[in-house]
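Peer 1: just a sequence and a predicted model for now, questions to come.
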Amino acid sequence: MEKRVFTCFRLLSVLLLNSASAQNTNLFFPEGGTLNLSLPVSEALTSVLWKHNGNLVVELVNSDLEYYGRFENRTTLNQNTGRLEIKNITEADSGSYSVEINNKVQSQGYDVTVLKKVPKPEVVVRPLTCAPALERCSLSCEGDTRGDGTVTYSWKEGDGEWKQEERNITIKNSEEIKRVKTFSCRMNNPVSKAESEPHQNPFFQDETNGSSGVIWGILCVVFIGIIIVCLFLYFKKRESIRNICSQRRDGNNTRIINETQPLHANSTALESQPPNSNSTAPESQPPNSNSTAPESQPPNSNSTAPESQPPNSNSTAPESQPPDSNSTAPESQPLNPEESEEHL
């Protein structure tokens, strides 16, 4: 009991005497993390006392170690270095921390702030109907930052560098902005940072899409031209093949006509030509002096007359022609006197 009273009196006196001269360092820790406080010590430790906002946290006297209040079971004191460690800290652990080593109040203190980690932000376009027809739009880096302390914002255009800006920025529908594909934002506080997903620029115009559209148009025109040329060549070749086939058919017909014309001419000549003195009669011709007469004719000394026609001296007339002085009469005509004598 006396020890506790003495300790309280000593702490009160230290607070009163050294409050004006104490210099604190600002430190930030994430909520749920671990708080670590230490001091450079060059002498052996016999006593250590840590306080939070004037309340006892832990006390070491010789080898006796005692933890106080809500810091018990989650606080550790290194007896060799005086280092203080508090786990699973919350916002309630924020405040001023002071230390006394070997019954001497240290001028070095700490102002601790426990902060929440920033959430992953989202880029929101306003108005929501922002389109290339508008002159300007605004972008906002949205996220719940309550309990995050001092939050700063940064913006990035496409794959460019991060630039610290306000939470809300304005973009204009200019040629420079039209070349930016996406916008990203980032939130920062002393214990964390988080980036948004890239958001499509409402004013973005893809130059490659325009050029690719022109290229596709040219390719389509070329393709259609090739099809037209191929069709033209196909029909032209087809027409030439048709002409060649027609010429071949005409040539074959001409050759057949040429081959049949002499036969027709010969047959016509045989039917219509009158016999001359040197011509030989067809089947109906009577035999000459060297020929044999047909069965119905009386034979002469050297030849036999044809079956149906009497012979003359040189030739026999056709069936349809009347006999002349040199021709032989048909089958029904009698022999002339000269032939009778010759026969006799």
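Peer 2: Nice, I can see it. Numbers count the residues shown, from 1 in each chain.

Peer 1: what are the structural domain limits within this structure?
Peer 2: 2-115, 122-200 (automatic domain parsing).

Peer 1: of all those domains, which one is nearest residue 216?
Peer 2: Among these, the nearest to residue 216 by CB to CB is domain 122-200 (21.2 Å). Yep, even glycine has a C-beta here, placed from its N, CA and C like the rest.

Peer 1: that older thread, go through the domains of the chain and find the least confident stretch.
Peer 2: The weakest mean pLDDT among the domains of the chain belongs to domain 2-115, with a mean of 84.

Peer 1: can you pull out the helices in the stretch 1-150 of the chain?
Peer 2: For the stretch 1-150 of the chain, helices defined by DSSP state H, counting those that start in this stretch occupy the ranges 2-18.

Peer 1: mind listing the strands for it?
Peer 2: For the stretch 1-150 of the chain, applying DSSP state E, counting those that start in this stretch gives strands covering 23-30, 35-37, 47-52, 55-61, 64-67, 75-77, 84-86, 95-101, 104-105, 108-115, 122-126, 136-142.

Peer 1: quick one: the fourth one to strand 47-52, angle?
Peer 2: If I follow you right, that is strand 55-61. 170 degrees (axes from the mean of the first three to the mean of the last three CA atoms, to 10 degrees).

Peer 1: hmm, back to that, as a markdown table, the domains of the chain with distance to residue 217 and mean neighbour count would be great.
Peer 2: Formatted as a markdown table, the domains of the chain follow (distance: least, CB to CB, whole Å; neighbours: other CB atoms under 10 Å):
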| stretch | distance to residue 217 | mean neighbour count |
| --- | --- | --- |
| domain 2-115 | 57 | 15 |
| domain 122-200 | 22 | 15 |
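
Peer 1: distance to residue 224 added to these, as a markdown table?
Peer 2: A markdown table is the format used below for the domains of the chain (distance: least, CB to CB, whole Å):
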| stretch | distance to residue 224 |
| --- | --- |
| domain 2-115 | 66 |
| domain 122-200 | 32 |
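
Peer 1: residue 215: which of those is closest?
Peer 2: That would be domain 122-200 among those, by CB to CB, at 20.0 Å.

Peer 1: quick one: end-to-end distance for the closest one.
Peer 2: End-to-end span of domain 122-200 (CA to CA, to the nearest Å): 12 Å.

Peer 1: tell me the contacts of residue 45?
Peer 2: By CB atoms under 8 Å, 6 or more residues apart in numbering, the residues touching residue 45 are 60, 79, 80, 81, 82, 101, 102.

Peer 1: now, among those, which is nearest to residue 233?
Peer 2: residue 81 (94.7 Å).

Peer 1: mind listing the helices for the stretch 151-300 of the chain?
Peer 2: Under DSSP H, counting those that start in this stretch, the stretch 151-300 of the chain gives helices at 175-178, 207-272.

Peer 1: least confident of the ones you listed, on average?
Peer 2: helix 207-272 (a mean of 72).

Peer 1: re earlier: export the strands of the stretch 1-150 of the chain to JSON lines and append columns for distance to residue 198.
Peer 2: Output for the strands of the stretch 1-150 of the chain, formatted as JSON lines (distance: least, CB to CB, whole Å):
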{"stretch": "strand 23-30", "distance to residue 198": "26"}
{"stretch": "strand 35-37", "distance to residue 198": "36"}
{"stretch": "strand 47-52", "distance to residue 198": "44"}
{"stretch": "strand 55-61", "distance to residue 198": "46"}
{"stretch": "strand 64-67", "distance to residue 198": "49"}
{"stretch": "strand 75-77", "distance to residue 198": "44"}
{"stretch": "strand 84-86", "distance to residue 198": "39"}
{"stretch": "strand 95-101", "distance to residue 198": "40"}
{"stretch": "strand 104-105", "distance to residue 198": "53"}
{"stretch": "strand 108-115", "distance to residue 198": "27"}
{"stretch": "strand 122-126", "distance to residue 198": "8"}
{"stretch": "strand 136-142", "distance to residue 198": "12"}
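
Peer 1: any idea how far residue 23 is from residue 40?
Peer 2: Plainly put, residue 23 is 15 Å away from residue 40 if you go by CB to CB, to the nearest Å.

Peer 1: same thing with residue 147?
Peer 2: Residue 147 is 33 Å from residue 40, by CB to CB.

Peer 1: kindly report the same for residue 134.
Peer 2: Counting by CB to CB, the gap from residue 134 to residue 40 is 60 Å.
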